[in-house]
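Undergrad: structure for the following, please:
(one chain, ligands or ions: 4)
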Amino acid sequence: MGYAVKEIFYTLQGEGQHAGRPAVFCRFALCNLWTGREADRARAICAFCDTDFLGTDGPDGGRFATAEELADAVEACWPAGFQDRRFVVCTGGEPLLQLDAAAVESLHGRGFEVAVETNGTRVPPQGIDWLCVSPKIGTELVVSQGDELKLVYPQEGGDPAQFEHLRFASFRLQPMDCPDVESHTRSALEYCLAHPNWSLSLQTHKQLGIR
Ligand SMILES: C[S@@+](CC[C@H](N)C(=O)[O-])C[C@H]1O[C@@H](n2cnc3c(N)ncnc32)[C@H](O)[C@@H]1O
Ligand SMILES: Nc1nc2[nH]cc(C(=O)O)c2c(=O)[nH]1
Ligand code: SF4
Ligand SMILES: [Mg+2]
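TA: Ligands and ions are numbered 1, 2, ... in the order given. Below you'll find the predicted structure:
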């Protein structure tokens, strides 16, 4: 079987509670809510995606036959000589189409804390250290607990209140990046001010001009 990975890179986590923290990003290929092809975007279940996850041709991307090979590739991106506070963010595409307990275990074996960014439509494997769920309106959410619920805002039919009963340690609104991002940022921050159980998540890597 193995793992199809678009790219692996070292950067700062740009979003959510860990924003600013150095991390290796492992971007898995494929998603269940969009093919990744621009021609299909308009009819995709998730049509606002800001990411190219198609194929395995990105920097340090490829097909990894085993969990150990995948973990080797992640470890190779962490600065040499630093053993502590190793952090990997598994994203995509939808990482939970591929990330399994064996991969989490191999990453743990190399000292990585394992974070996942998921759309919440697939059951996560055991052992994940930080679970960030970003629900997409019109899909069935099968993950009802985690560390962070990060809702892209606004989404049609996506009243944040519908998620508040779920067991997440924090709730965040992330302004939808598109030509209207400024007005979306304004409305997200106004929502947070009026509903202080929600916090704002900005995509700081885009402001910083890093990956
Ligand atoms: C590209 S997705 C990959 C992980 C997973 N498929 C998911 O949707 O959570 C990573 C994060 O970017 C967010 N995102 C995607 N497109 C966005 C956009 N146009 N504006 C703001 N956030 C976006 C997603 O909601 C998710 O939190
Ligand atoms: N720097 C940086 N932070 C991120 N946080 C979540 C991302 C993602 O695409 O999942 C992302 C990303 O693509 N880059
Ligand atoms: S679920 Fe995530 S990766 Fe898939 S299309 Fe939506 S934002 Fe992109
Ligand atoms: Mg991104």
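Undergrad: interface residues of this protein facing ligand 2?
TA: Contact residues, the chain versus ligand 2 (CB under 6 Å from any ligand atom): 11-15, 25, 51, 91, 117, 205, 211. For glycine as for every other residue, the C-beta is placed from the backbone atoms N, C-alpha and C.
Undergrad: which parts of the chain are helices?
TA: In the chain, helices defined by DSSP state H lie at 67-77, 101-109, 181-194, 204-208, listed in chain order.
Undergrad: quick one: closest of the ones you listed to ligand 1.
TA: Nearest of the helices of the chain to ligand 1, taken as CB to the nearest ligand atom: helix 181-194 at 7.6 Å.
Undergrad: packing partners of the closest one?
TA: Under the contact definition 3 or more CB pairs under 8 Å, 6 or more residues apart in numbering; DSSP states H and E, helix 181-194 sits against strand 148-153, strand 171-175, strand 199-200.
Undergrad: most tightly packed of those strands?
TA: Highest mean neighbour count of the helices and strands packed on helix 181-194: strand 148-153, a mean of 23 (counted as mean count of other CB atoms under 10 Å).
Undergrad: does anything pack onto it? Which helices or strands?
TA: Using 3+ CB pairs under 8 Å, 6+ apart: strand 148-153 touches strand 130-133, strand 171-175, helix 181-194.
Undergrad: sheet partners, orientation included, of it?
TA: Neighbouring strands of strand 148-153 in its sheet, by DSSP bridges, are strand 130-133 (parallel), strand 171-175 (parallel).
Undergrad: now it: average pLDDT?
TA: Per-region confidence: strand 148-153 scores 98 on mean pLDDT.
Undergrad: ok, and does it reach over to ligand 1?
TA: Yes. Strand 148-153 reaches ligand 1 (CB under 6 Å from any ligand atom) through 150, 152.
Undergrad: thinking again about what came up before, switch the helices of the chain over to CSV; also include distance to ligand 1, mean neighbour count and mean pLDDT.
TA: Formatted as CSV, those follow (distance: least, CB to the nearest ligand atom, whole Å; neighbours: other CB atoms under 10 Å; pLDDT from 0 to 100):
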stretch, distance to ligand 1, mean neighbour count, mean pLDDT
helix 67-77, 17, 18, 98
helix 101-109, 16, 19, 98
helix 181-194, 8, 15, 98
helix 204-208, 9, 13, 98
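Undergrad: can you redo those helices as CSV with distance to residue 6?
TA: Below are these laid out as CSV (distance: least, CB to CB, whole Å):
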stretch, distance to residue 6
helix 67-77, 12
helix 101-109, 15
helix 181-194, 24
helix 204-208, 16
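Undergrad: any chance of the strands paired with strand 148-153 in JSON lines, plus distance to ligand 1?
TA: Formatted as JSON lines, the strands paired with strand 148-153 follow (distance: least, CB to the nearest ligand atom, whole Å):
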{"stretch": "strand 130-133", "distance to ligand 1": "7"}
{"stretch": "strand 171-175", "distance to ligand 1": "5"}
